[in-house]
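Engineer: I would like the atomic coordinates for the input below:
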Amino acid sequence: MAKLLLNLRKVPDDEAGEVRAWLTRAGIAFYETEPSSWGISHGGIWLKDEADLPRAKALMAEYQAERGERARAARQQAQQDGTADTFARQLCARPLYVAGMLLAIVAILALTLALPWWLLR
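Structural biologist: Have a look, this model is predicted:
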């Protein structure tokens, strides 16, 4: 029976491609389901043989650890280069968006704190 290895919800294309590549290299049979037209399902990568699941999960854990390490190294390099995304850079690049988000945060906090007091008066 087929088993879901990776739900493709919010999975970048490069990550899905790398997973496909190492599954192929490992000789693990798999297939993909496409996202639904209405956005209910985002597709997935399924293993054809349930017996491959433990090996595939071990490979997936190894891959995710490696990918996490690469992401941390890239972030650290960006911080050293001064190209990392910071609040100040966001404020300079998109001032109206940042101001709107800050205003929304303040409004939500004010409503959350004031509503119980107002209703219990």
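
Engineer: and the lengthiest helix in the chain, what does it pack against?
Structural biologist: Longest helix in the chain by number of residues (criterion: DSSP state H): helix 53-81. Secondary-structure packing of helix 53-81 (3 or more C-beta pairs under 8 Å, 6 or more residues apart in numbering; DSSP states H and E): strand 3-7, helix 13-26. In this view, the C-beta of every residue, glycine as well, is placed from N, C-alpha and C.

Engineer: strands paired with whichever helix or strand comes after the longest one, and their directions?
Structural biologist: It stands for helix 13-26. The first helix or strand that comes after helix 13-26 along the chain, using DSSP states H and E, is strand 30-33. Strand partners for strand 30-33, identified by DSSP bridges, are recorded as strand 44-47 (antiparallel).

Engineer: which residues does the partner strand contact?
Structural biologist: For strand 44-47, the surrounding residues in contact (C-beta atoms under 8 Å, 6 or more residues apart in numbering) are 2-8, 16, 19-20, 23, 28-33, 53, 56.
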